[in-house]
Every structure is written in C-alpha cells, then in structure tokens.
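Asker: What follows is a predicted structure for the sequence shown.
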Amino acid sequence: MGAGERAINIFGVLLPFVAFVVAVALAWGSLVTAEALAIAAVMYLVTGFGITVGFHRLLAHRAFVARPPVRLALAGAGTMAMMGGPVRWVTNHRKHHAFADEKGDPHSPHLTGMGGFRGALAGLYHAHLGWIFTGGRAAKERYAPDLLDDPIVRFVDRSAGAWVLLGMALPFAAGWALAGTLEAAMIALLWGGPARVFIGHHMTFSINSLCHFMGRRRFDTDDESRNLVWLAPLSLGESWHNNHHAFPTSAFHGLRRRDVDPGGWLIAGFERLGLVSDVKRVSSDRQRRKVRGIDPA
C-alpha cells in the first residue's frame, strides 16, 4: 500500500470519528433535532443496505440478479457508505472467503501469532481496523474480473468520489428542506453525513472482528465465523455470519423465521415487485445436513 492510499484511509477513518464526537458533544448541549436524527437514520439504512444488499449479497456473491436501475442504485448507495468503491470492496471480501481465518485472509482476528489476552486484543484490532492500513490487498483482476467487465459497476467505481459527495449533499438538502435554515441543514449534514459514516463503518468492521471471535456456530464451516444475534438488527442481518459462511451465495443470511435479517427482507420485497430475480435460497434439507454435529460435509 502506497503512502497516498494509506493517508486517504487514515483520513477516511478519522474524519467520521471526529464528526461523531462533535455530533455527540453538540447533542449533549441540546444542539440536535429530531429531524436531523431521522435524516441520519434514513441515510444509515440507505447506505447500509447499499453495503449488505448491494456490495455484499449482489456484487460479491451474486445471490440474486437485479435490474440495471436497481443494480446502479445499490452500488451507488454502497459507495456512499465511504468504504471504497464496489470493486475494491468486493475483491477484499472475496479474498476473505477464499482464505477465511487462514494465511491470506485480509482481516482475520486469529493470525497474529500471539496467545492470551494480548493476542486476542491484537487480533480484534487488526480485523476491525488495523488491516485497512496494511498491504496485502486483493488483486481485482483475480478476484473481480466480472465486475471489471460490468459497465454499471465500472461507472460507479470511477465516480466513487461523486457518490461520497452525494451522500453528504442529501442530508444537507433534507435538513434545509425540512427546516429552511442553514443551521438545521448543517446539523443534518453532521449527523446524516460523517457521523452516520462513522456508525456504518464500525458496524461493518464489527462483522470482520466480532463475528469471527464471539457468538454461536450453528453450521460446520472451515473457519471461525459466528452468529451474533444482538448485532443483527443494527447490521441489517450481516451478523448471521456463520450462516453466511456456510452458504455464501444465499440471498438470506437469517435462515429461520425468527432471524432478524432486514437485508433479506428488502431482497424479498424487491422480488415481489419484479425488480430482482434468480434469488438464491437454502433449502431446509441442505441446512439440516450442515448443522454442527450432524453432517460436517
């Protein structure tokens, strides 16, 4: 990784953190509005679904087929989350699956070579955040040749900066439209822009770290992926991570009726509207065969 890319990554992580601290400080001083928080919540859902449904389930694992406008909207929404363009995100994620919790995995918490409490902390830090500042990134020509040939994805990837700016402009415009003042627009921008990015970053980072470290393993897999139930609503279903590693191409990470999986619910809604097709599901029989202690194959 070059110095320029490392500097961009540091800025991209630190700016949302500083903005979040400022936002909380202002809220403590009552300088926050219900409208700003509502705008932030909407932006969190838009960009969060862009990551889990767009970048992850659609582009990385081809769990369903989307009509071109939906494909464009999901890829653009994911880019507004400020985690890089779709090609970079997908290549790193596919490499993670290729080497899950083994040498070559970009963000496993289990490869520090240290034991005990210190090793656990070092591994969690690396998986959560540290890996972003190191080398060893996936080669897009190897892991995402299909995306390099996709005109919609190439367009979004080339215009990633414009999508990030759009992700800031939308909450500003919404705050102005709802309250009609510059102050309200700036507060909405703060919460719906960088503060929202900070929360989205660490929710996704937690899948890489916590969901390979704690939680339950319902299915036999060759890695340490785990389901973290309490994180499912906030992560829009991403924390059913053991389920996902057991069945990577499934459009649904929550595999039982009681599993909270907003990403899967959105895909099912799109399917009913005819906006997506070829939605991949895992039969109950396949699930039973892979449940731990029954059939490890």
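Answerer: Okay, I see it. From a predicted model like this one, the values you see are computed outputs, not experimental measurements.
Asker: and the nearest residue to residue 99 once chain neighbours are set aside, what does it touch?
Answerer: Using C-beta to C-beta, 6 or more residues apart in numbering and skipping the chain neighbours, the partner closest in space to residue 99 is residue 105 (4.3 Å). For the C-beta atoms, the positions are set from N, CA and C on the backbone; glycine is no exception. Taking C-beta atoms under 8 Å, 6 or more residues apart in numbering, we find residue 105 in contact with 95-96, 99, 111.
Asker: List just the nearest of the residues you listed to residue 146.
Answerer: residue 95 (14.8 Å; C-beta to C-beta).
Asker: right, and the closest one touches residue 102 too?
Answerer: No - look at residue 95 against residue 102 with C-beta atoms under 8 Å: they stay out of range, at 11.1 Å.
Asker: rewinding a little: what kind of secondary structure is the residue nearest to residue 99 in?
Answerer: Applying DSSP: H, G, I helix; E, B strand; the rest coil to residue 105 yields a three-state assignment of coil.
Asker: The stretch 1-150 of the chain: strands as residue ranges?
Answerer: Under the criterion DSSP state E, counting those that start in this stretch, the stretch 1-150 of the chain contains strands at 65-66.
Asker: Can you tell me the number of residues neighbouring residue 43?
Answerer: Counted by other C-beta atoms under 10 Å, the residues lying close to residue 43 total 26.
Asker: Grab the nearest non-local neighbour of it.
Answerer: Among residues not flanking residue 43 along the chain, residue 192 sits closest, at 4.4 Å (C-beta to C-beta, 6+ apart).
Asker: Please tell me the pLDDT value assigned to that neighbour.
Answerer: As predicted, residue 192 sits at a pLDDT of 95.
Asker: Quick check: residue 237 touching residue 253?
Answerer: Yes - assessed by C-beta under 8 Å, residue 237 is found in contact with residue 253 at 4.8 Å.
Asker: so what sits against both of the two?
Answerer: Common neighbours of residue 237 and residue 253 (C-beta under 8 Å, 6+ apart) are 259, 261, 263-264.
Asker: if we can go back for a sec, ramachandran coordinates for the residue nearest to residue 99?
Answerer: Dihedral pair for residue 105: phi -70, psi 120, per degrees, to the nearest 10.
Asker: can you give me the helices in this structure?
Answerer: Under the criterion DSSP state H, helices of the chain are mapped to 3-28, 34-49, 68-79, 86-98, 116-128, 140-143, 145-148, 151-158, 160-179, 182-190, 196-209, 241-246, 262-272, 284-290.
Asker: residues in contact with residue 193?
Answerer: 19, 43, 167-168, 171-172.
Asker: How about stretch 279-295, which residues are buried there?
Answerer: 279-282, 287, 290 (16 or more other C-beta atoms under 10 Å).
Asker: Closest one of those to residue 226?
Answerer: Nearest to residue 226 among those, with distances taken as C-beta to C-beta, is residue 290, at 15.1 Å.
Asker: distance of the closest one from residue 166?
Answerer: Separation of residue 290 from residue 166 (C-beta to C-beta, to the nearest Å): 41 Å.
Asker: And residue 221, by the same measure?
Answerer: With C-beta to C-beta as the criterion, residue 221 and residue 166 are 37 Å apart.
Asker: the more surrounded of those two?
Answerer: residue 221 (22 against 15).
Asker: check contacts around that one.
Answerer: 100, 242, 245-246.
Asker: So what's the residue count around the closest residue to residue 55 other than its chain neighbours?
Answerer: Leaving aside its chain neighbours, residue 55 sits nearest to residue 78 (4.2 Å; criterion: C-beta to C-beta, 6+ apart). Using other C-beta under 10 Å, residue 78 is surrounded by 30 other residues.
Asker: Quickly, which of the helices of the chain bottoms out on average pLDDT?
Answerer: Minimum mean pLDDT among these: helix 3-28, a mean of 63.
Asker: how about the closest residue in space to residue 70 that isn't next to it in sequence, what does it touch?
Answerer: Among residues not flanking residue 70 along the chain, residue 275 sits closest, at 5.0 Å (C-beta to C-beta, 6+ apart). Listed by C-beta under 8 Å, 6+ apart, the contact set of residue 275 reads 66-67, 70.
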